[in-house]
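Asker: Here is a sequence with its predicted model. Questions after.
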Amino acid sequence: MAKSKISVTQEFLKGLWNENPILRMVLGICPTLAVTTSAINGVTMGLAVIFTLVMSSFIISLLRKLIPNEVRIATFIIIIATFVTVADRVLAAFYPEMSKALGPFVPLIVVNCIVFARQEAFASKNPVGRSVVDALGMSVGFTLVLLVMGSLRELIGNGTIFSHQIMPMSFQPWMAIALQPGAFLTLGLLIGFANWLNTKGKKK
Amino acid sequence: MNLILIFISAAIINNYVLVSFLGICPFIGVSKKLGSAVSMGMATTFVMTITAALAWLLNKYILVGLHLEFLQIVSFILVIASVVQLVEMFIKKVSQPLYEALGIFLPLITTNCAILGLALFLVMKQYNFIESIFFGFGSGVGFTLALIIMAGIREELELADVPEPFKGAPITLIVASCLALAFMGFSGII
Amino acid sequence: MNKSLKLVVVLTVTALFSGIILAVLNAYTAPRIELNANKTLSEAIGYVIPGQKTCDVKVIKDVTFYIGKDDKGQVIGVAFVAEGDGFQSRLRILVGMDPEMTKIVQMKILSQAETPGLGTKIENDPTNKTDAFWFLKQFVDLSAVSPISVVKGQTADKSKSQIQAITGATISSRAVVDIVNAAIEKNRALYLEKVK
């Protein structure tokens, strides 16, 4: 991808819908399935990704002219891994319960296709300001999907959202949605729904 | 006996893809054809077994031994990237036909959660050296199993009338949910 | 600058910076992480050995025993960590027993990441209006002379060392019992042999 020419606002918004990493580009699926058992878990993972992606894009874009092509992958990996470790350790120090709930999926952000793809496709070729906006758009788009999925699965599986009781007490939760099959099903339906919305919009 | 249990657990009961949620990207991306699914599975199993051994050694003697646990993520991912690179070069030299079959999948393996997830899991579960190798091999087999089943189904799905918005990733995920449901039947066996 | 040299320099500098940032991070967060772990543990020990004033830590063959003593120095309880695989996560349970290790006094779950709303009921069951902590309460004053067993669907007979499983979370319930049984059997031999 060459240097980006669209407006800055469009740069941000594309990550939210048109090029939403989960719904349209089908990237970063592992954590999406694993941590969306509740809304708060999904949002926390999203925040960790926002931090990692924005910081990594910032640094890599800043240093893009200094990094030789041959070692760019190794350098990207080291930089991304550093920020992921920061996110993981800070979480373990200040929010130990959340750290345990998210498990190995925070360290796994380092191989999250979204992060690496943005460095390769964008941050290494565009100025700092734009790269940060791109990173923000992509990671916020990712977080929004995690929020929706987490809320849906928590609501139907437990009757709550963010631990607040929403469904009436007589509601019999559908356990399976909080388990593995439910994760696959919810995401499949969400992506299908997003595709449908997209084609509907195009037809107008 | 314990080693067999670890193997079966990783391969079937806590199936690497359908239960532990690792290796989903290649699961969706490479499961269209049975042939490529088998190749990807074999390449991944090979890399997983080697990585399990190396990750354990790295963790015990350098990370824990020198109190450098905070370098875990960085060192693991660098080791994995190097291993995959070396494996690719090795296969290319040793067997050209094997390289043609497996080679292209190897770079895909580095940047997916399957291998790093393996390294992190075996440290978390505190397996010893032999247990780690069995875990690595079992995870690879579980991954291959899930991939092969999915590829078999998808080849049939090509002939079915899937609604347009659901073609590709969505229908694959919905099929995966049925597979995950089936595999849940295995839980509690050990 | 010579190309190869440049590659090496860039990589080394990046690695150095990464190392420095992480080392600083570690210095800042490691103490807190350890504090979190310790605080949880010492609070839990006080909970599973009620009435203890001091606590000795004794390690016998890679098992750590927490020996609770009252203000007169008499041993009033022994605690240890029982660990194993639950349904989908590693379970760590602190088990408090009497000095002869014949019965469980109290138990506390140190860490679990079971299925929310199902397996998590082993620690906290909001759907039980009488007592959300009913599952663990079954282990209070439970005789451990013979292995504890799990019953489903019927009332558990405490005199026979039975506890009732959580509906819809049988695997998590069974895991707790299996882990605790295994730990008691292993640790009882170790402890009584060394102390007597």
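Answerer: Perfect, thanks for sending it. On a predicted model such as this, the values are computed, not experimentally measured, just so you know.
Asker: C-alpha from now on. contacts and neighbour counts both.
Answerer: Noted.
Asker: now the longest helix along chain A: mean pLDDT?
Answerer: Among the segments of chain A that qualify as a helix by DSSP state H, the longest is helix A:128-158. Average pLDDT, helix A:128-158: 88.
Asker: can you check stretch C:61-73 too?
Answerer: Rounded mean pLDDT across stretch C:61-73 is 86.
Asker: Could you do stretch B:106-116 as well?
Answerer: pLDDT averaged over stretch B:106-116 gives 77.
Asker: so does it get close to chain A?
Answerer: Yes: residues of stretch B:106-116 contacting chain A under C-alpha under 8 Å from any C-alpha of the partner chain: B:111-113, B:116.
Asker: which other residues reach that stretch?
Answerer: A:30, A:108, A:111-113, B:22-26, B:43-44, B:47-48, B:51, B:76-77, B:80-81, B:84-85, B:88 (C-alpha atoms under 8 Å, 6 or more residues apart in numbering or on different chains).
Asker: Which residues does the next helix or strand after the longest helix of chain A contact?
Answerer: Next helix or strand after helix A:128-158 toward the C-terminus (DSSP states H and E): strand A:160-161. Residues outside strand A:160-161 that contact it (C-alpha under 8 Å, 6+ apart) are A:38-39, A:151, A:154-155, A:166-167.
Asker: change it to 7 Å
Answerer: Strand A:160-161 is touched from outside by A:39, A:151, A:154-155, A:166-167, with contacts defined as C-alpha atoms under 7 Å, 6 or more residues apart in numbering or on different chains.
Asker: got a winner among those for most neighbours?
Answerer: A:Glu154 (27 neighbours; other C-alpha atoms under 10 Å in any protein chain shown).
Asker: In contact with C:Lys58, which residues?
Answerer: Counting by C-alpha under 7 Å, 6+ apart, C:Lys58 has contacts C:64-66.
Asker: Compare those and tell me which is most surrounded.
Answerer: Busiest of those [other C-alpha under 10 Å] is C:Tyr66, holding 23 neighbours.
Asker: what lines up beside whatever helix or strand that residue lives in in the sheet?
Answerer: Using DSSP H and E, C:Tyr66 sits in strand C:63-69. Paired neighbours of strand C:63-69 in the sheet (DSSP bridges): strand C:54-60 (antiparallel), strand C:75-85 (antiparallel).
Asker: And the first one, how far out from the chain middle?
Answerer: Okay, so that is strand C:54-60. 16 Å (C-alpha atoms, centre = their mean, to the nearest Å).
Asker: which residue ranges form the helices in chain A?
Answerer: Using DSSP H, helices in chain A cover A:8-14, A:29-35, A:39-62, A:72-94, A:96-102, A:113-118, A:128-158, A:180-203.
Asker: ditto for chain B
Answerer: Under DSSP H, chain B gives helices at B:2-8, B:24-29, B:34-57, B:72-94, B:96-102, B:106-110, B:113-124, B:129-157, B:169-184.
Asker: Make JSON lines out of these and add mean neighbour count.
Answerer: JSON lines is the format used below for the helices of chain B (neighbours: other C-alpha atoms under 10 Å in any protein chain shown):
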{"stretch": "helix B:2-8", "mean neighbour count": "17"}
{"stretch": "helix B:24-29", "mean neighbour count": "21"}
{"stretch": "helix B:34-57", "mean neighbour count": "22"}
{"stretch": "helix B:72-94", "mean neighbour count": "18"}
{"stretch": "helix B:96-102", "mean neighbour count": "15"}
{"stretch": "helix B:106-110", "mean neighbour count": "19"}
{"stretch": "helix B:113-124", "mean neighbour count": "23"}
{"stretch": "helix B:129-157", "mean neighbour count": "23"}
{"stretch": "helix B:169-184", "mean neighbour count": "21"}
